[in-house]
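Visitor: the amino acid sequence is not available; the structure is as follows:
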């Protein structure tokens, strides 16, 4: 407690505040929420450091000047009390000296709020309005990709497969909100055959709002899982928002992941939805699935056509998206397109470390991803199987239940070692492990950065290590 209190008066404190602002994208509400749950500001930048961008440097300068002025004002009040007997001078001066860290931690949000409402939001609204006209006039196929998970992977997969022989444009990385769509629209030339648009779902109403702006002709729902429940509150509300995209495309042009148990009720309710899963899609049937660290192989057949395909993606959960991509592609695109698919950064991407295989799935952040990962771990052969996770974020009131289920899924994969990080999710995961009768080794790391940095010391030849999800500093 003493260290936490002293961290308020550290020379590094202003940098910690700007770092927190930077990592919450300069939004006041999440920044203040993080601020008030922080007990020691000297540990805020433990994992990463402040990126010295121009806005960050200006904010840091303003903070330091403001704090210095308040300290000077406090000392002046004490001086006036001491030398000129100013009534209440020492009390007011002391209050100024003690309160400056908290006062300026909040005052720094005022220009951000004013700037957002007076400058940023009007500019963004204008760009978004222009993008709506661009999307409306575009004559190509426009595919909206929505869901609680797997959106970026599906988009990149379609970009790779459909890009064999067609002109395809896709929203970059995980840029999936309206302003990102607007910047993307400005780069379209208008002669693209296919435009792939990833939809985020941060708050109620997001998906239909994105659809009204981007005018999709087709849509894919990659699955439903507990995510962003701090805003949606329930999974049902999130699902209703995601499936709202169906109102903007013609019947038969919505493809839904049939392996998502929470999406199945919507598929059963609306017979026009096309289902895809590891059994097949759009009339194509899948057999002979084989999974290894080299990738995934399978055979798909329709009518008299049969194709044996191999992808660099690993895991049975990849087969459904691969088959959908193949089913949407021309025959000439399928074999070369599927063969060209490789694991995406931090999404089930394997690499070797001192003879061990590390499967980096640290961008995974939902229970469906955990199901896929633990199933893969159970299927692979290894001298030792090791599962590493800090747990999931944005689970809202469902956090305890979801993490218990996570523990049970991990136990079912029977890893030799489970490595958890010391945080709010660990007790619930351990509860799930114990419920499932897991008897192998459990480690709880109080220094996540140290563990990941020294992973080469921890692993041995023949190990398979699955690392799922990662907590940014504002969740730690």
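Guide: That came in fine, so what should we check first? None of the values given here were measured: they were computed from a predicted structure. Residues are numbered from 1 along each chain as shown.
Visitor: most distant residue from the middle of this protein?
Guide: residue 84 (59.3 Å; CA atoms, centre = their mean).
Visitor: which SSE is residue 298 in?
Guide: According to DSSP states H and E, residue 298 maps onto strand 295-302.
Visitor: give the buried residues for that strand.
Guide: By neighbour count on 16 or more other CB atoms under 10 Å, the buried set for strand 295-302 is 295-298, 300. (Each C-beta comes from the backbone N, C-alpha and C, glycine too.)
Visitor: what lies in contact with that strand?
Guide: Applying CB atoms under 8 Å, 6 or more residues apart in numbering, the external contacts of strand 295-302 come out as 280, 283-290, 306-316, 318-319, 322-323, 326.
Visitor: starting from that strand, tell me which strands it pairs with and how they run.
Guide: Taking DSSP bridges as the criterion, strand 295-302 forms sheet pairs with strand 284-292 (antiparallel), strand 305-311 (antiparallel).
Visitor: chain center to the first one: distance?
Guide: Strand 284-292 sits 29 Å away from the centroid of its parent chain (CA atoms, centre = their mean, to the nearest Å).
Visitor: in that strand, what's buried?
Guide: In strand 284-292, counting by 16+ other CB under 10 Å, buried: 284, 286, 291.
Visitor: thought the last one was touching residue 316?
Guide: Yes: judged on CB atoms under 8 Å, residue 291 makes contact with residue 316 at a distance of 5.8 Å.
Visitor: show me the shaky parts of the stretch 101-250 of the chain.
Guide: 228 (pLDDT under 70).
Visitor: just the helices in it please.
Guide: Counting by DSSP state H, counting those that start in this stretch, the stretch 101-250 of the chain has helices at residues 109-115, 121-137, 151-162, 178-187, 206-214, 229-232, 235-243.
Visitor: what are the contacting residues of stretch 439-454?
Guide: With CB under 8 Å, 6+ apart, stretch 439-454 has contacts from 46-47, 388, 390, 414-422, 426, 430, 433, 458, 471, 476.
Visitor: longest helix in the protein, please.
Guide: helix 54-84 (DSSP state H).
Visitor: which secondary structure elements does that helix contact?
Guide: Contact analysis of helix 54-84 by 3 or more CB pairs under 8 Å, 6 or more residues apart in numbering; DSSP states H and E lists helix 13-23, helix 89-107 as its packing neighbours.
Visitor: name the stretch among those helices that sits most buried.
Guide: helix 13-23 (a mean of 22; mean count of other CB atoms under 10 Å).
Visitor: where does the helix or strand following it sit relative to the chain's centre, distance-wise?
Guide: From helix 13-23 onward toward the C-terminus, using DSSP H and E, the following helix or strand is helix 28-37. In terms of CA atoms, centre = their mean, the centre of helix 28-37 is found 19 Å from the chain centre.
Visitor: show me what helix 28-37 is packed against.
Guide: Against helix 28-37 (3+ CB pairs under 8 Å, 6+ apart) you get helix 13-23, helix 109-115.
Visitor: list the buried residues for the last one?
Guide: Of all the residues in helix 109-115, those buried under the rule 16+ other CB under 10 Å are 109, 112.
Visitor: before we move on, back to that, identify, from the buried residues of strand 284-292, the entry nearest to residue 29.
Guide: residue 291 (42.8 Å; CB to CB).
Visitor: any idea of the pLDDT on that closest one?
Guide: You'll see residue 291 listed with a pLDDT of 94.
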